[in-house]
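In: Please work out how this folds:
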Amino acid sequence: MILLNINCPKKERLDNDAHPKTNSLQPRMSSSLGNYEPKDVSTRTGPGEGGVPVILSPAEEQAAQKTITQYGFNMVASDKISMDRNIKDTRPAECKNWIYPEVQNLPTASVILVFYDEGWSVLLRTVHSVIKTSPKELLKDIILIDDGSSDPDLKERLEKYIERWNGLVKLYRTGKRVGLIAARTLGAEKSTGDVIIVLDAHCECVINWLPPLLTRIALNRKALAVPIVDGLEWKTLEHTNIYGSSNFRGIWEWGFLYKETEVPEQELKKRKYSSEPYWSPTHAGGLLAIDRQWFFELGAYDPGIRVWGAEQYELSFKVWQCGGVVEWVPCSHVAHAYRGPRSHSSHVPGASPYQTAINHMRLAEVWMDEYAEYYYIREPAIRTLNYGDISERKQLRTKLQCKPFKWFMENIAYDVLQKFPPPPKNVVWGECKNIKHSGVFK
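Out: Next up is the predicted model:
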């Protein structure tokens with residue numbers, strides 16, 4: 001592993017379990033500009049500035065297509081964009097008027113970025129953006145986890161590039177492919193901030209994204225705070241506001257396909273202002289903030305959930321069932337680039353061909369009680385898969401005195417049942433064969 005050392009002054013850890021919440025931690029709406037809002041925003045010019053799309057010439061398209069095949073992003077377009085570009089302010093207008101706790105009353109943050117053969121400018125623009133849009137007093141470090149990259153640009157060149165930040169950015173290498181979930185856990189272990197913030201390595205942050213997230217955790221250290229995810233189009237890097245002015249929250253259907261739905265009216269009525277945070281049963285998984293100590297009290301990510309898939313549900317379910325909350329934060333926006341058609345293999349050696357199903361089985365068996373049967377009805381082919389030993393995870397649930405899944409479904413995720421009623425039992429399931437022909441019908 002490679003570690004670039006950091007020398008930063010220590011900041012006293014906030015313990016908001018030991019002290020009652022005071023007015024100094026409660027954000028308040030003001031008629032003037034918020035305390036973290038920049039007084040002057042410079043106008044920049046250049047390709048992609050303001051989040052506009054980068055349009056290539058016909059002569060550049062062939063080279064661009066090769067980079068899309070390799071990275072899933074148009075790196076010819078990305079390389080034209082400044083590392084420090086400004087993107088749109090997609091927040092609700094009233095976000096500019098919130099007064100948040102001063103820096104001495106907020107926890108510090110470690111931002112974790114896991115990458116595997118990521119395009120150079122997409123990766124480094126993520127780092128630049130985090131630093132540019134975060135109050136320096138609140139950003140403890142950025143943890144880069146290289147999950148077995150083979151791209152030569154991500155070796156010595158990257159090590160030299162990050163030296164400009166004098167240790168604020170740390171680089172660790174797994175040495176071999178371990179998968180996204182294990183790499184994030186490694187990043188959490190190496191972090192030094194009070195709060196872990198997970199971002200994908202192809203993001204750009206909207207202005208003043210960090211204090212709203214940290215405020216939720218200052219008020220309740222068992223809160224999992226989720227920024228609103230904007231879009232970065234993979235071909236032009238255009239920044240778009242996916243949700244417009246509507247509020248959505250994360251749910252799922254019984255095969256664990258992630259879905260989003262408009263926030264129920266009974267949740268919206270809990271707020272005085274439309275820009276205030278709201279509860280959500282789950283989240284998409286790629287972008288989140290959580291108290292570091294609470295994350296490890298919850299057992300981090302289940303080490304048996306490998307590579308990718310189910311980790312967002314596992315973290316959300318146990319946060320809710322074990323005494324915490326999951327909140328989406330409308331005044332925190334982060335733009336995320338969704339990959340295009342990448343052909344470069346991301347296989348993790350040793351992973352099962354059915355790894356995602358195994359991950360979901362572990363999730364269901366540990367946390368979902370009798371509701372696990374709905375997953376097996378939805379996906380009957382997976383019943384015989386070996387999901388490994390889950391005894392330690394069940395012991396953890398008992399130790400933390402976590403609530404039943406039925407409580408979670410009835411009080412928090414009630415709209416899952418409304419949108420996706422429990423499936424009826426399968427009458428029959430299996431292969432149907434024509435005894436006169438060799439064709440097989442399923």
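In: would you list every one of the helices in the chain?
Out: 58-71, 75-80, 120-133, 156-161, 180-190, 210-219, 265-268, 292-297, 311-321, 355-367, 372-378, 391-399, 405-411, 414-419 (DSSP state H).
In: list the buried ones in the last one?
Out: Judged by neighbour count (16 or more other Cβ atoms under 10 Å), helix 414-419 contains these buried residues: 415-416. No exception for glycine: its C-beta is placed from N, CA and C like everyone else's.
In: Centre of the chain to it, how far?
Out: 23 Å (Cα atoms, centre = their mean, to the nearest Å).
In: Can you list the neighbours in contact with that helix?
Out: Helix 414-419 has contacts (Cβ atoms under 8 Å, 6 or more residues apart in numbering) with 251-253, 259, 261, 264, 281, 409.
In: Nearest to Gly304, out of the helices of the chain?
Out: Proximity to Gly304 (Cβ to Cβ) singles out helix 355-367 among those, at 5.3 Å.
In: CA-only coordinates of the closest one in PDB, if you can.
Out: Extracted in PDB, the C-alpha atoms of helix 355-367 (Å, rounded to 0.1, in the frame of the first residue of the first chain):
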ATOM      1  CA  GLN A 355     -22.700 -12.900  -6.300                       C
ATOM      2  CA  THR A 356     -25.400 -10.300  -6.400                       C
ATOM      3  CA  ALA A 357     -28.100 -12.900  -5.500                       C
ATOM      4  CA  ILE A 358     -25.900 -14.300  -2.700                       C
ATOM      5  CA  ASN A 359     -25.500 -10.700  -1.400                       C
ATOM      6  CA  HIS A 360     -29.300 -10.300  -1.400                       C
ATOM      7  CA  MET A 361     -29.800 -13.600   0.400                       C
ATOM      8  CA  ARG A 362     -27.400 -12.700   3.200                       C
ATOM      9  CA  LEU A 363     -29.300  -9.400   3.500                       C
ATOM     10  CA  ALA A 364     -32.700 -11.100   3.600                       C
ATOM     11  CA  GLU A 365     -31.600 -13.800   6.100                       C
ATOM     12  CA  VAL A 366     -30.100 -11.500   8.600                       C
ATOM     13  CA  TRP A 367     -32.400  -8.500   8.500                       C
END
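In: Can you spell out which helices and strands pack onto it?
Out: helix 311-321, helix 372-378, helix 391-399 (3 or more Cβ pairs under 8 Å, 6 or more residues apart in numbering; DSSP states H and E).
In: got the buried residues for that helix?
Out: 355-367.
In: again, but for stretch 39-58
Out: Quick answer for stretch 39-58 (16+ other Cβ under 10 Å): 47-49, 51, 54, 56.
In: From the residues you listed, pick the one nearest Arg339.
Out: Using Cβ to Cβ, the buried residues of stretch 39-58 come closest to Arg339 at Val54, 16.9 Å.
In: thinking again about what came up before, with pLDDT and distance to Pro107 added, can I get the buried residues of helix 355-367 in a markdown table?
Out: Below are these laid out as a markdown table (pLDDT from 0 to 100; distance: Cβ to Cβ, whole Å):
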| residue | pLDDT | distance to Pro107 |
| --- | --- | --- |
| Gln355 | 95 | 34 |
| Thr356 | 95 | 33 |
| Ala357 | 96 | 37 |
| Ile358 | 97 | 35 |
| Asn359 | 97 | 30 |
| His360 | 97 | 32 |
| Met361 | 97 | 35 |
| Arg362 | 98 | 31 |
| Leu363 | 98 | 28 |
| Ala364 | 98 | 33 |
| Glu365 | 98 | 34 |
| Val366 | 98 | 29 |
| Trp367 | 98 | 27 |
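In: ok, those vs Cys322, which is closest?
Out: Nearest to Cys322, judged by Cβ to Cβ, of those is Trp367 at 9.7 Å.
In: Could you pull up the contacting residues of the closest one?
Out: 314, 317-318, 321, 397, 405.
In: how close does it sit to Tyr376?
Out: 15 Å (Cβ to Cβ, to the nearest Å).
In: One more: Gly388?
Out: From Gly388 to Tyr376 the distance is 17 Å (Cβ to Cβ).
In: Same question for Pro303.
Out: 23 Å.
In: Same drill for these two, tell me which one is more crowded.
Out: Tyr376 (17 against 13; other Cβ atoms under 10 Å).
In: which one is Gly324 nearest to, not counting chain neighbours?
Out: Counting by Cβ to Cβ, 6 or more residues apart in numbering, Gly324 lies nearest to Lys222, which is 3.5 Å off, once chain neighbours are set aside.
In: same check, this time on Ala413
Out: Nearest residue to Ala413, sequence neighbours excluded (Cβ to Cβ, 6+ apart): Pro281, at 3.8 Å.
In: now do Leu158
Out: Leu171 (6.8 Å).
In: for Gln293, same thing?
Out: Arg221 (7.5 Å).
In: Give me the below-cutoff pLDDT ranges for this structure.
Out: Residue ranges of the chain with pLDDT under 70: 1-23, 438-442.
In: Just give me the longest strand of it.
Out: strand 325-337 (DSSP state E).
In: Pro101 contacts Ile217, doesn't it?
Out: No - with contact defined as Cβ atoms under 8 Å, Pro101 and Ile217 do not form a contacting pair (10.9 Å).
In: Tell me which of the two has more neighbours.
Out: Ile217 (27 against 22).
In: which residues does that one contact?
Out: Contacts of Ile217 (Cβ under 8 Å, 6+ apart): 107, 194-195, 223, 225, 289-291.
In: let's go with 10 Å and repeat that
Out: 14, 16, 106-107, 109, 194-197, 223-225, 289-292, 294, 327 (Cβ atoms under 10 Å, 6 or more residues apart in numbering).
In: which of these are buried?
Out: Looks like the contacts of Ile217 have 14, 16, 106-107, 109, 194-197, 223-225, 289-292, 294, 327 buried, using 16+ other Cβ under 10 Å.
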